[in-house]
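[1] Here's my sequence, what's the structure:
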Amino acid sequence: MLDAALASLWLEVASASVTYDAAARVDTRARSMEQQATGEPVAPVAADMDIVPTLGLKYDDGSAVAQVQYAPRISFREATTNPRTEVQHVGRLLGDWRPSRGLTLHGTQEFVLGQVNLFTNLPLGGGPGDDPTVPGDTPVPDVPIQPLPEGVDTVFFLSSLTTLAAETVWLGPGWRLSGSAGFSASGGLDDAAKEAVPFQYGPRAQLSLGYSPAPRHTLATTVGYTDSRFSTGARATVTTFTGAWTHRLDRRTSLEAGVGVGVAYSVRATEDATPDTPDTPDTTPSAISPGSRRLTTLQVGDTPAADPAQRLELLPDLTLAVSHRVPSRLADFNGRLSARVTPFVDRLTGLVYPRADLTLNGTWALGPRFRLSGTAGSAFAVGGAVGDRQV
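    Have a look, this model is predicted:
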């Protein structure tokens, strides 16, 4: 009986395709940063370089695909001003299954362990090549530059993201329904790291319904939900309702617009330390957000009112993007310019506020095995957080 089962398993594996891949990716980045309120002086412009070797194994039997990857990120930070090396161990497990025609199931598990620099804009828990349009591949929010604890810029970090997703076209021609559910956990591992990046965990879900009434038009309605709980006692729950319209102007250019609203419920941290009483009798501590830097300022008028412990707000969720392609045999180009204003959960404080992102990226396919990509952008808080700005 056991011999028959092993023989059947061997025949099934032998009939499938098992491949491996090895690759290396190099990213260089120049960034501009605001001066910190406290701590050591920060160079206004810095350069980084990341080397990401990748080893992968893929199993494909036609209806099911399983893939495992190990892609450590070796980073050289501020090579021109304050050179140092950081290493992040990144592992991924991906699976796709098509049990029937018109239905596709996705599953991903990603694990990140290592040193993370808080001044950079790397998506923690997601790779730089992740496609947010793929069901189940929801990017993790980036780390804001400020506020940061005094003298802390690099922490020992852990991140885990588990996602299950499904996509179907069973509703009829032109209709597409997709949904995903997942659980994420991330933050500093030791006490010193948790002081800089509190540990957070919580579920997330998304449901999207799309319809193409004409070949050049696509309408989509999306409902998203995230719930993040922090080791400091803070909590942030965000539910978004968004409608999007995509129009292909011609064979090379397409336009995308989205309008929505986010309902944000946040709870302030309970472990907010009280700053020391200033020596000057006519000064009082400034009003601050939990986790922000604490500065002593002269109080001229009345004592500022403290932020409420709980907040319920309506925040904008807007998107405008244009994509353009320049076909060429030598250098096929795909470019995209996007502007977004979306609810943002600050992983350092647990506060929720609107954040604007302007991104320009382009990719040149210089051959079947060589591709060159460039990205430039800026992000900044639209009220609610002072100093959360990066270029």
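[2] Which parts of the stretch 201-350 of the chain are strands?
    217-230, 235-248, 253-267, 283-285, 296-298, 310-326, 332-345 (DSSP state E, counting those that start in this stretch).
[3] Correction: the previous question concerned the stretch 1-150 of the chain.
    Along the stretch 1-150 of the chain, the stretches classed as strands by DSSP E, counting those that start in this stretch are 17-32, 45-60, 64-70, 73-77, 84-100, 103-117.
[4] Nearest approach to residue 338 belongs to which of those strands?
    Within these, the stretch nearest residue 338 is strand 17-32; the backing value is 18.8 Å (Cβ to Cβ). Using the backbone N, CA and C atoms, a C-beta is placed for each residue, glycine as well.
[5] Just put the strands of the stretch 1-150 of the chain in TSV and tack on distance to residue 257.
    Rendered in TSV, the data for the strands of the stretch 1-150 of the chain read as follows (distance: least, Cβ to Cβ, whole Å):
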stretch	distance to residue 257
strand 17-32	29
strand 45-60	33
strand 64-70	34
strand 73-77	34
strand 84-100	30
strand 103-117	27
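[6] Reformat these as CSV; add mean pLDDT and distance to residue 270.
    Shown next, in CSV, are the strands of the stretch 1-150 of the chain (pLDDT from 0 to 100; distance: least, Cβ to Cβ, whole Å):
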stretch, mean pLDDT, distance to residue 270
strand 17-32, 85, 34
strand 45-60, 89, 35
strand 64-70, 95, 39
strand 73-77, 86, 34
strand 84-100, 91, 31
strand 103-117, 90, 25
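[7] nearest spatial neighbour of residue 79, skipping sequence neighbours?
    Leaving aside its sequence neighbours, residue 79 sits nearest to residue 47 (Cβ to Cβ, 6 or more residues apart in numbering; 5.6 Å).
[8] partners of that neighbour in the sheet?
    Taking DSSP bridges as the rule, residue 47 bridges to residue 30.
[9] Now do the contacts for it.
    Counting by Cβ atoms under 8 Å, 6 or more residues apart in numbering, residue 47 touches 28-31, 78-80.
[10] Closest one to residue 308 out of those, please.
    Checking those against residue 308 by Cβ to Cβ gives residue 31 as the nearest, at 34.6 Å.
[11] Hmm, residue 49 and the closest one touching each other?
    No: in this structure, residue 31 is not within contact of residue 49 by Cβ atoms under 8 Å, at 12.0 Å.
[12] Name the residue in the two with the higher neighbour count.
    Using other Cβ atoms under 10 Å, the more surrounded residue of residue 31 and residue 49 is residue 31, with 17 against 13.
[13] what separates that one from residue 335, distance-wise?
    Distance, residue 31 to residue 335, using Cβ to Cβ, to the nearest Å: 21 Å.
[14] ok, residue 22 - how many residues close by?
    Per other Cβ under 10 Å, the neighbour tally for residue 22 reads 8.
[15] What's the separation between it and residue 54?
    From residue 22 to residue 54 the distance is 7 Å (Cβ to Cβ).
[16] sorry, back to before: in a markdown table: the contacts of residue 47, plus distance to residue 157.
    Conversion of those to a markdown table gives the following (distance: Cβ to Cβ, whole Å):
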| residue | distance to residue 157 |
| --- | --- |
| 28 | 22 |
| 29 | 18 |
| 30 | 23 |
| 31 | 19 |
| 78 | 18 |
| 79 | 21 |
| 80 | 25 |
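[17] show me the contacts for the closest residue to residue 223 other than its chain neighbours.
    Using Cβ to Cβ, 6+ apart and skipping residues adjacent in sequence, the residue nearest residue 223 is residue 207, 5.0 Å away. Listed by Cβ under 8 Å, 6+ apart, the contact set of residue 207 reads 178-179, 222-224.
[18] Residue 347: which of these is nearest?
    When the contacts of residue 207 are compared for distance to residue 347 (Cβ to Cβ), residue 224 comes out closest, at 17.3 Å.
[19] Neighbours of the closest one, how many?
    Residues near residue 224, counting by other Cβ under 10 Å, number 21.
[20] Surely it and residue 242 touch.
    Yes: Residue 224 lies in contact with residue 242 (Cβ under 8 Å); the separation is 7.5 Å.
[21] phi, psi of residue 232?
    phi -80, psi -10 (degrees, to the nearest 10).
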